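A.B. asks: Here is the input, now give the coordinates:
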Amino acid sequence: VQLVESGGGLVQPGGSLRLSCAASGFTFNNYYMSWVRQAPGKGLEWVADINSGGGGIYYADSVKGRFTISRDNAKNTLYLQMNSLEPEKAPLYYCAKYPKCGLGALDYWGQGTQVPVSS
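C.D. replies: Okay, here's the model as predicted:
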């Protein structure tokens, strides 16, 4: 299993960015996927989940209305569109997969991509 995030980088407060996560080594369209972030010196914060077909989507209250999770099963890629970004010290955004049927803890993680939000 390999998950490779991309699309991170410096963005100004209020700006937008789209993260991508290229998945390989498993049947992508069979698995629920997730985005999780971690600010420097803080714990992991769940951001959003999407079910295998893309029809079931869930967001943390902190990002609801500003972030959109989506997936392209034909391209084995997960996305996170982030709008109205708030000032933050370079959190790392990870994509991760769930075990089959979305049951249990996230079992594979990417290496993360940083998204510093600063003017």
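
A.B. asks: For the protein, which segments count as strands?
C.D. replies: In the chain, the segments counted as strands under DSSP state E are 2-6, 17-24, 33-38, 44-50, 57-59, 67-72, 77-82, 92-97, 108-109, 113-114.

A.B. asks: Residue 104 touches residue 98, doesn't it?
C.D. replies: Yes. Taking CB atoms under 8 Å as the definition, residue 104 is a contact partner of residue 98 at 6.8 Å. For glycine as for every other residue, the C-beta is placed from the backbone atoms N, C-alpha and C.

A.B. asks: Settle it for me: which of those two has more neighbours?
C.D. replies: residue 98 (19 against 9; other CB atoms under 10 Å).

A.B. asks: ok, that one to residue 90 distance?
C.D. replies: Relative to residue 90, residue 98 is positioned 26 Å away (CB to CB, to the nearest Å).

A.B. asks: Turn the strands of the chain into a markdown table, columns for mean pLDDT and mean neighbour count.
C.D. replies: Putting the strands of the chain into a markdown table (pLDDT from 0 to 100; neighbours: other CB atoms under 10 Å) gives the following:
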| stretch | mean pLDDT | mean neighbour count |
| --- | --- | --- |
| strand 2-6 | 98 | 16 |
| strand 17-24 | 98 | 18 |
| strand 33-38 | 97 | 22 |
| strand 44-50 | 97 | 19 |
| strand 57-59 | 97 | 15 |
| strand 67-72 | 98 | 18 |
| strand 77-82 | 98 | 21 |
| strand 92-97 | 97 | 22 |
| strand 108-109 | 98 | 16 |
| strand 113-114 | 96 | 18 |
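
A.B. asks: what sits against the closest residue to residue 96 other than its chain neighbours?
C.D. replies: Counting by CB to CB, 6 or more residues apart in numbering, the nearest residue to residue 96 once its immediate chain neighbours are dropped is residue 106, at 4.0 Å. Shown in contact with residue 106 (CB atoms under 8 Å, 6 or more residues apart in numbering): 34, 36, 96-98.

A.B. asks: how about a cut-off of 7 Å?
C.D. replies: Residues near residue 106 by CB atoms under 7 Å, 6 or more residues apart in numbering: 34, 96-98.

A.B. asks: Give me the local confidence score for it.
C.D. replies: pLDDT recorded at residue 106 is 95.
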